[in-house]
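Peer 1: prediction below, plus the sequence it came from.
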Amino acid sequence: MSSCLRASWPADLVRGGDPPLKSTRTLRVDQAKIIGTQPAYGLLDLTGSAQLNQMTIQVVVTNVADRRAQLSRFVQTNPQADNQPYVVPAQPRTVAIQFGQKF
């Protein structure tokens, strides 16, 4: 029987550095006020697997802390005409279990 549990994150974040990927977009000052700022967030995904003879099982948990993170913010039309910013949320906590059998 063998088993594995893995968690990963960028090394820069562990040392207190900046996130490895950054996205910047130029907005006019009046548009930026309407859209607002996107809060910082961190998400944790875990994967574990085990194998016994010809059978395998894998468990995946995404967004373990069930954070309601905002992945992005935007407006659908001209910000002066539509003052409603839209938010793309992170996927809520999801648990997946996969079984396998080799023949």
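Peer 2: Okay, I see it. Numbering: from 1, shown residues only.
Peer 1: ok, how many other residues are close to Gly36?
Peer 2: Neighbour count of Gly36, defined by other CB atoms under 10 Å: 11. Every residue, glycine included, has its C-beta placed from N, CA and C.
Peer 1: name all residues that make contact with the closest residue to it other than its chain neighbours.
Peer 2: Closest residue in space to Gly36, ignoring its immediate chain neighbours: Pro85 at 5.8 Å, by CB to CB, 6 or more residues apart in numbering. If a contact means CB atoms under 8 Å, 6 or more residues apart in numbering, then Pro85 has 34-36, 73-75 as its contacts.
Peer 1: if any of the residues you listed are buried, put those into a ChimeraX selection.
Peer 2: To isolate in ChimeraX the members of these that are buried, counting by 16 or more other CB atoms under 10 Å, one can use:
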select :34,35,75
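Peer 1: okay if I get the contacts of Pro85 as CSV plus secondary structure and distance to Leu46?
Peer 2: Listed next are those as CSV, based on DSSP: H, G, I helix; E, B strand; the rest coil; distance: CB to CB, whole Å:
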residue, secondary structure, distance to Leu46
Ile34, helix, 37
Ile35, helix, 33
Gly36, coil, 31
Arg73, strand, 28
Phe74, strand, 30
Val75, coil, 35
